[in-house]
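Novice: Build me a model from this:
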Amino acid sequence: MKTIVITGCSTGFGRVTAVHLAERGWRVVATVRREADRLDLLAEAAARNVSERLLAVLCDITLPADVARLAQAVHEQASGLDALLNNAGTGYGGPLELLPLADVRAQLEVNLYGHLAVTQALLPDLKTARGTIINVSSIGGWLAFPLYGPYHMSKFALNAMSEVLRLELAPFGVKVVIVAPAASPTPIWETGLRRIHASSVFSNMGDYARLADAMERRARQTAASGFPPELFARTVLRILNSRRPASLTYVPAWAGLMVAGRRLLPDWLWDWGVRRVLGW
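Specialist: As a prediction, this is how the structure comes out:
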């Protein structure tokens, strides 16, 4: 039985993928941050008859002690680790002019530093199994939009981290893959919007208020019309079953056309298009 660690399994991509892989014979170590989420995930695993293959572990990937406990639990579960899905993520937003630096640091702690910490802790077992690391980026790791600066910064940096790891770990037989999803109706969008509304930045938007309203409307529309999370889970399984997976996979595949189009457009034309859509 192959073993995978998936971070960020309380909701969204992580949870759907954890259950999907467990149903297909994988031993899944799924991390969540709250006991209520752990119990909820275990209840779903029981309902789907995969309790024996799904271990839910409390772990905040920004806390070194939690990451160390996760690594110890994995090491005790099996000899070697076949895969790691660095999926945990969150979103902070607001105009960079007004955004507290603490929010930017918090964004990077989850979406970048936490992933590196988990990767470092689990690499000995991944090397033993010549396993696969899948880092969940976003098309937002190539396309940047106003008011989502911290999120884009974290994903651009995660892409760079993934490329470096791919080169450094190749001699050890460890594969490193980037998965870049487009929008999907997962809770990360609502979490980000609630965080913005609760922030002192929201009440002091000033000249950015019109832009904030436009971006919120677009975010809700895009998320509602996005691809189903189950497609993400199936894509992860396909990557894991491939002997030589592509270093970058977009979900859905057409999302790659958006990135390619951005690369072909001059900056002035891209900026004009974004500002026209947002009325900014």
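Novice: C-alpha only now, for contacts and for neighbours.
Specialist: Will do.
Novice: so the closest residue in space to Leu147 that isn't next to it in sequence, which of the three states?
Specialist: Of all residues not flanking Leu147 in the chain, Gly94 sits nearest, at 4.5 Å (Cα to Cα, 6 or more residues apart in numbering). Assigned by DSSP: H, G, I helix; E, B strand; the rest coil, the conformation of Gly94 is coil.
Novice: Tally up the residues packed near Gly94, please.
Specialist: Using other Cα atoms under 10 Å, Gly94 has 24 neighbouring residues.
Novice: do the same with Glu35
Specialist: 13.
Novice: same question, Val236
Specialist: 19.
Novice: which residues does it contact?
Specialist: The neighbours of Val236, taking Cα atoms under 8 Å, 6 or more residues apart in numbering as the test, are Thr17.
Novice: if we go to 10 Å?
Specialist: Thr17, His20, Leu21, Leu85, Ile134, Val179, Glu230, Thr249, Val251 (Cα atoms under 10 Å, 6 or more residues apart in numbering).
Novice: before we move on, what about Arg276?
Specialist: Counting by Cα under 10 Å, 6+ apart, Arg276 makes contact with Trp270.
Novice: Now find how far off-centre the one helix or strand it maps to is within its chain.
Specialist: For Arg276, the host element (DSSP states H and E) is helix 267-278. Put simply, helix 267-278 sits 27 Å off its chain's centre (Cα atoms, centre = their mean, to the nearest Å).
Novice: Can you list the buried residues in it?
Specialist: Across helix 267-278, burial judged by 16 or more other Cα atoms under 10 Å covers Leu278.
Novice: now do stretch 21-41
Specialist: Neighbour counts over stretch 21-41 (16+ other Cα under 10 Å) mark 21-23, 26-33, 37-38, 41 as buried.
Novice: what mean pLDDT would you report for it?
Specialist: Averaged across stretch 21-41, pLDDT comes to 97.
Novice: Can you tell me the SS state at Ala183?
Specialist: Secondary structure assignment for Ala183 (three-state DSSP): coil.
Novice: ok, how many other residues are close to it?
Specialist: Ala183: 24 surrounding residues under other Cα under 10 Å.
Novice: same check, this time on Gln77
Specialist: Gln77 is flanked by 14 other residues according to other Cα under 10 Å.
Novice: Now do the contacts for it.
Specialist: If you count contacts by Cα under 10 Å, 6+ apart, Gln77 has them with Thr3, Arg27, Val29, Leu55, Ala71.
Novice: farthest-separated two in those residues?
Specialist: By the measure Cα to Cα, Arg27 and Ala71 form the most distant pair in the contacts of Gln77, at 15.2 Å.
Novice: Read off the pLDDT value for Ser51.
Specialist: 95.
Novice: Show me where the protein has its strands.
Specialist: Along the chain, counting by DSSP state E, strands occupy 3-6, 27-32, 54-58, 83-86, 132-136, 175-181, 248-251.
Novice: now those strands as a markdown table including distance to Gly149?
Specialist: Below are those laid out as a markdown table (distance: least, Cα to Cα, whole Å):
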| stretch | distance to Gly149 |
| --- | --- |
| strand 3-6 | 26 |
| strand 27-32 | 26 |
| strand 54-58 | 29 |
| strand 83-86 | 21 |
| strand 132-136 | 18 |
| strand 175-181 | 17 |
| strand 248-251 | 21 |
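Novice: Let me know which of these is the nearest to Ala144.
Specialist: Per Cα to Cα, nearest to Ala144 of the strands of the chain: strand 175-181, 13.8 Å.
Novice: quick check, distance from that closest one to the centre of its chain.
Specialist: That offset, for strand 175-181, works out to 10 Å (Cα atoms, centre = their mean).
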